[in-house]
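> structure, please.
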Amino acid sequence: MGMSGGSFSGMPFGESVGEPEYGVLAKDLLAGHDTDIFKKAATTYLKKLSNQEFLKSQERRRTNIEWALSQAEEYALRTDDDKPFIAVKNYILWLLGKLEEEAGAVAGGTPLDHLCDTIQKRGYTRFTRFVSFNYDVLLERALQRQNPTDPNRGSGKTVWNPHENYGVGFERHITCEDLRNGRALKPKHFPHIDKGHVTVLKPHGSLYWFRQRNGDRWSLPLLDMENPKLPILPTPGDSYSKLIAKYLGPSSDGLEPILIPPSPTKALDGTVLWQTWQNIDRELQECASVVVIGWNMPATDGDVRARIADAIAKRGNNPIKRLLVCDTSKSDIFYHRFVAAFRPDFRIEPWREGFTERFVQERLVPEIMAKQR
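Predicted coordinates for the structure are as follows:
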């Protein structure tokens, strides 16, 4: 993700007379439906992180969210003023909400659908564990589409569900029905649900994970509970902007999103993310193969690399057998990052054409699935 910006100037971040506060800006962003309104609001968010000369010629230079958050984080550490950091986090939340709305226009048959379909048809669900650094739930929805449609299905046929298969101990949930109808988002206990086969571990959180700000501090997902036997993630974009508006507005029903922003300091607050990393550590110690799809191991993920190195070291004389990397990078140095991190016994030629159905059929199936038996 990119946005206009420039070099950090270290200038004060105090509110000027007549300048809208960050909470007001957040609401302006949510109300912005055209490019000009959006650009104005986003620029106002970031202008205090940027050299004014660069802002006069925004088309010359682009910077990414990691950079903006890193600068805001450094400023907060020096000045004890975290308003800019919170503002950029809110911008990310708005942007993710817009992307989630647009996801509703994407039909099935994506490469993710093809991947999940292949995993199920080849009986590979018992071998598969996903680690996803994405906040979005495109993968989870593709897995959901593999579930039986018969509500009276037999036990053991579920591929994935959002209660049992995130690898964490969600004890309660909130419902999108309450959100759509304007009711208070009260935590509810889960009914008995069949556990699926595939686990999705999300160490940076999820669009649909929330936590109570005060009180018991429950961590809980937002779900569609129309069929209590098999809850699902809400329809793409369904009420999500309304939820984000409540979060950024004066009243948020005491909830906050569980998202780890892409900045150098990643505080793992709460048991959900702690449990997630415990599961990732165990999977890395026990897995036979690792497949990397679309993760470029950015500098802001230094903590992730350290955790991977620690887990791999615990394997002793039992290295990971096979490593497969899928990306569009042509650089051998890019590939060797992953070799150095996972230290596989056998290096498969990286797939450099991006994540497509061809990758699944021509590389993943013959090089990983066929070797697992």
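> quick check: the closest residue to Glu357 other than its chain neighbours vs Asp310, distance?
Spatially, and ignoring its direct neighbours in sequence, Glu357 is nearest to His114 (4.6 Å; C-beta to C-beta, 6 or more residues apart in numbering). Heads up, the C-betas are built off the backbone N, CA and C, glycines and all. When distance is defined by C-beta to C-beta, to the nearest Å, His114 is 34 Å away from Asp310.
> which of those two has more neighbours?
For His114 versus Asp310, neighbours defined as other C-beta atoms under 10 Å are more numerous around His114 (19 against 12).
> that's a helix at that one, yeah?
Yes. Counting by DSSP: H, G, I helix; E, B strand; the rest coil, His114 is located in a helix.
> what does the pLDDT read for it?
For His114, the pLDDT comes out at 94.
> quick one: stretch 160-172 to chain centroid distance?
Taking the mean of its C-alpha atoms, stretch 160-172 sits 16 Å from the chain's own mean (C-alpha atoms, centre = their mean, to the nearest Å).
> report the rounded mean pLDDT for that stretch.
For stretch 160-172, the per-residue pLDDT averages 91.
> equivalent analysis for stretch 212-232, please.
Stretch 212-232 comes out at a mean pLDDT of 86.
> helices or strands up against the helix or strand containing Ala309?
Using DSSP states H and E, the element containing Ala309 is helix 302-313. With contacts defined as 3 or more C-beta pairs under 8 Å, 6 or more residues apart in numbering; DSSP states H and E, helix 302-313 has these neighbours: helix 271-286, helix 332-342.
> which one, of those helices, ends up nearest to Ile174?
Taking C-beta to C-beta, helix 271-286 is the member of the helices and strands packed on helix 302-313 nearest to Ile174, at 14.5 Å.
> what's the angle from the closest one to helix 302-313?
Taking axes from the mean of the first three to the mean of the last three C-alpha atoms, to 10 degrees, one finds that helix 271-286 is oriented at 40 degrees with respect to helix 302-313.
> list the helices and strands helix 271-286 packs on?
In this structure, helix 271-286 packs against strand 129-131, strand 199-201, strand 205-212, helix 302-313, with contacts taken as 3+ C-beta pairs under 8 Å, 6+ apart.
> go again using 6 Å as the cut-off
Helix 271-286 sits against strand 199-201, helix 302-313, with contacts defined as 3 or more C-beta pairs under 6 Å, 6 or more residues apart in numbering; DSSP states H and E.
> pull the distance from the longest one to the chain's centre.
Translated: helix 302-313. Computed by C-alpha atoms, centre = their mean, the separation of helix 302-313 from the middle of its chain amounts to 19 Å.
> and it, C-alpha only, in PDB?
Extracted in PDB, the C-alpha atoms of helix 302-313 (Å, rounded to 0.1, in the frame of the first residue of the first chain):
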ATOM      1  CA  GLY A 302      12.300  -8.200  11.900                       C
ATOM      2  CA  ASP A 303      10.500  -9.700  14.900                       C
ATOM      3  CA  VAL A 304       8.900 -12.300  12.700                       C
ATOM      4  CA  ARG A 305      12.300 -13.400  11.300                       C
ATOM      5  CA  ALA A 306      13.700 -13.600  14.900                       C
ATOM      6  CA  ARG A 307      10.800 -15.900  15.900                       C
ATOM      7  CA  ILE A 308      11.300 -18.100  12.800                       C
ATOM      8  CA  ALA A 309      15.000 -18.400  13.500                       C
ATOM      9  CA  ASP A 310      14.200 -19.400  17.100                       C
ATOM     10  CA  ALA A 311      11.700 -22.100  16.000                       C
ATOM     11  CA  ILE A 312      14.000 -23.500  13.300                       C
ATOM     12  CA  ALA A 313      16.900 -23.700  15.800                       C
END
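> the next helix or strand along the chain from that helix vs helix 332-342, what angle?
Downstream of helix 302-313, the first helix or strand assigned by DSSP H and E is strand 322-326. Relative orientation of strand 322-326 versus helix 332-342 (the same axes, to 10 degrees): 140 degrees.
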